[in-house]
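Trainee: just coords:
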């Protein structure tokens with residue numbers, strides 16, 4: 001009775017704690033409790049206190065014990081395997097670059113040329129003194145428990161490593177509920193910050209992990225973990241997917257700096273920006289279906305269907321489909337392009353026969369960071385319109401943020417008010433037969449050779465795993481595609497109106513609230529609507545809904561950005577004036593500088609410079625954090641002094657580059 005009473009009291013204390021700290025998880029547990037009480041849920045496990053003096057779980061179906069031995073002994077054995085090594089039981093959150101040669105040219109290059117221009121000086125210096133093969137961690141800042149069981153090992157592990165933050169992951173809600181009778185989470189929460197992911201799907205788990213990951217990002221150098229069940233190895237792979245697809249790795253600060261430079265130049269040149277801040281209901285889109293053409297494998301397989309049905313709809317196509325469409329004589333009404341990289345565009349144009357003739361009537365919707373010089377040979381100024389995709393200088397015109405042109409084109413089609421949208425080539429998955437990522441004529445097409453779970457490391461384009469398919473139960477995708485899938489689903493929730501119907505014709509990923517449809521059934525019975533005036537009507541629509549000059553409010557916001565740059569410059573100067581002699585002093589000084597660098601101006605939407613700094617800090621944060629947390633640092637005074645100079649110089653480079661573009665554009669505006 002004594003043991004039973006203690007267990008009940010522990011359960012109540014834990015539920016009270018979760019009600020305060022984790023209300024959603026508390027609600028899940030309440031619903032399970034109610035289902036058990038009313039016998040709507042048949043319990044799978046029974047909690048037993050065995051004569052040997054420990055708790056175990058009995059599987060009522062298989063009659064097997066969860067532990068099969070002393071759960072206390074298991075906890076001690078697991079804790080004994082953990083230590084402060086940088087090589088064992090860790091998930092690395094930053095690319096472990098090694099610079100062996102001379103990087104002097106990189107140090108003096110344009111910071112918008114490559115992320116290494118401002119990261120290499122920091123990394124080169126630190127990699128010599130924080131080599132993970134020779135050094136260990138002072139502390140474990142972040143730790144993940146993959147699988148809880150009865151949680152007996154949690155306090156035992158904490159007693160050894162005393163981590164500042166824990167992410168507690170358990171897929172089985174019933175098992176987690178029973179752990180509340182055994183483990184005092186409320187007490188552990190008084191010693192460390194606790195994050196929970198209990199019975200969550202992939203999207204929810206990603207949200208929970210990111211809450212854990214982005215809190216105190218400088219502490220992310222190495223994340224330690226413990227694996228309770230073997231099948232949680234797949235969860236580790238998922239975490240690696242989340243990390244490798246995080247914004248600072250997929251879209252580094254140099255690209256954002258270049259984007260800002262080009263956007264500011266376009267604004268100063270008074271180029272027309274399409275208004276995406278409102279929803280449209282114009283007959284030019286409502287009276288005619290839209291076929292959205294992207295470059296996935298399904299495009300090639302259904303190219304004959306597209307050729308036969310092109311006259312029945314408005315064709316909105318990603319620019320990278322141009323080689324394929326030109327071969328079939330399918331002229332897009334609207335071409336969308338967002339990527340500021342030049343090589344893919346040049347390679348696509350080189351493979352076309354007559355781009356000037358092919359695009360003679362097409363309207364181009366472009367991100368202002370696109371190098372317009374590549375398009376000027378075949379697109380005149382009157383047929384090109386722009387929209388912001390990350391920056392917000394023309395904030396009154398709206399903006400879109402996505403990971404690829406596919407989901408951004410989809411969002412634009414929704415905003416323009418098309419009543420029927422047919423998705424073709426927007427697979428965001430590998431071809432089920434060939435394993436290829438894109439249609440064969442796409443410059444990025446490849447065949448990833450990584451089977452799910454076959455590698456310890458993860459890459460954006462090379463790693464594959466299974467997700468629900470549109471026509472099949474499962475299809476394979478990559479971390480890069482998964483990012484776009486989440487964003488596409490987000491656009492559907494935020495932008496799709498009740499009177500809009502979306503049809504997915506692709507043999508790829510399944511999307512939320514979008515109907516799968518065999519291409520052979522799409523537009524069946526619909527007659528071609530040959531309208532000679534359609535192109536001119538489209539042009540009139542875009543022309544009348546675009547603005548070439550910033551409003552007074554948009555122009556004034558440039559002053560707020562200048563003031564923000566001045567404050568950041570003062571913070572860098574103050575950082576340099578400090579004389580950090582110890583590592584903890586450097587840590588505090590660097591933290592204050594970081595706070596100033598990411599501080600947003602008023603209004604907050606004018607925070608493009610802060611966004612650049614956030615991504616830059618995320619890229620060097622792991623290295624700085626590793627330095628702060630490395631045990632074997634000799635002569636710290638010398639290193640902190642050098643690091644102050646190196647770090648300050650990189651911030652100055654970024655600030656100077658941004659500030660120059662801002663002033664040039666602001667003066668012309």
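Mentor: Okay, I see it. Source: prediction; values computed, not measured. Residues are numbered from 1 along each chain as shown.
Trainee: And the longest helix along the chain, what's buried?
Mentor: Longest helix of the chain, by residue count under DSSP state H: helix 636-668. By 16 or more other CB atoms under 10 Å, the buried positions in helix 636-668 come out as 636, 639-640, 643-644, 646-648, 650-655, 657-659, 661-662, 665-666. Heads up, the C-betas are built off the backbone N, CA and C, glycines and all.
Trainee: starting at the chain centroid, how far to that helix?
Mentor: Put simply, helix 636-668 sits 26 Å off its chain's centre (CA atoms, centre = their mean, to the nearest Å).
Trainee: helices or strands up against that helix?
Mentor: helix 116-129, helix 253-268, helix 552-577, helix 583-598, helix 608-628 (3 or more CB pairs under 8 Å, 6 or more residues apart in numbering; DSSP states H and E).
Trainee: what about the stretch 451-600 of the chain, any weak spots by pLDDT?
Mentor: For the stretch 451-600 of the chain, residues meeting the criterion pLDDT under 70 lie at 451-462, 530.
Trainee: do the stretch 1-150 of the chain as well
Mentor: Looking at the stretch 1-150 of the chain by pLDDT under 70, you get 1, 96, 100-101.
Trainee: now the strands: where do they sit in it?
Mentor: Ranges of strands within the stretch 1-150 of the chain are 45-50, 54-59, 90-92, 142-146, based on DSSP state E, counting those that start in this stretch.
Trainee: closest one to residue 475 among the helices and strands packed on helix 636-668?
Mentor: Nearest to residue 475 among these is helix 253-268 (29.3 Å), distances taken as CB to CB.
Trainee: tell me the domain boundaries of this protein?
Mentor: 2-96+132-249, 281-316+382-544, 550-668 (automatic domain parsing).
Trainee: Which one of the helices and strands packed on helix 636-668 lies nearest to residue 502?
Mentor: Nearest to residue 502, of all the helices and strands packed on helix 636-668, is helix 253-268, at 29.1 Å by CB to CB.
Trainee: Give me the phi and psi for the spatially most central residue of the chain.
Mentor: Nearest to the geometric centre of the chain sits residue 246, at 4.2 Å (CA atoms, centre = their mean). Backbone torsions for residue 246, taken as degrees, to the nearest 10, come to phi -70, psi 150.
Trainee: can you pull the contacts of it?
Mentor: Contact analysis of residue 246 by CB atoms under 8 Å, 6 or more residues apart in numbering lists 213, 618.
Trainee: So it versus residue 115, what's the distance?
Mentor: From residue 246 across to residue 115, the span is 14 Å (CB to CB, to the nearest Å).
Trainee: Present the strands of the stretch 1-150 of the chain as a markdown table; the columns should include mean neighbour count and distance to residue 74.
Mentor: Listed next are the strands of the stretch 1-150 of the chain as a markdown table, based on neighbours: other CB atoms under 10 Å; distance: least, CB to CB, whole Å:
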| stretch | mean neighbour count | distance to residue 74 |
| --- | --- | --- |
| strand 45-50 | 14 | 13 |
| strand 54-59 | 19 | 9 |
| strand 90-92 | 16 | 22 |
| strand 142-146 | 24 | 13 |
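Trainee: so can I have CSV of these showing distance to residue 584?
Mentor: Below are the strands of the stretch 1-150 of the chain laid out as CSV (distance: least, CB to CB, whole Å):
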stretch, distance to residue 584
strand 45-50, 45
strand 54-59, 41
strand 90-92, 23
strand 142-146, 19
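Trainee: Indicate which one of those is closest to residue 346.
Mentor: Taking CB to CB, strand 90-92 is the member of the strands of the stretch 1-150 of the chain nearest to residue 346, at 35.1 Å.
Trainee: Where does the prediction get shaky in the stretch 301-450 of the chain?
Mentor: For the stretch 301-450 of the chain, the ranges with pLDDT under 70 are 440-450.
Trainee: how does it look with 90?
Mentor: 339-347, 371-382, 390, 433-450 (pLDDT under 90).
Trainee: Contact partners for the closest residue to residue 616 other than its chain neighbours?
Mentor: Leaving out its chain neighbours, the residue that sits closest to residue 616 by CB to CB, 6 or more residues apart in numbering is residue 253, at 4.2 Å. Residues in contact with residue 253 (CB under 8 Å, 6+ apart) are 115, 118, 612, 613, 615, 616, 619, 654.
Trainee: Now with 10 Å, please.
Mentor: Contacts for residue 253 (CB atoms under 10 Å, 6 or more residues apart in numbering) come out as 111-112, 115, 117-119, 611-620, 654.
Trainee: those strands in the stretch 151-300 of the chain, which residues are they?
Mentor: Residue ranges of the strands in the stretch 151-300 of the chain, as given by DSSP E, counting those that start in this stretch, are 165-170, 193-198, 222-227, 273-274, 290-293.
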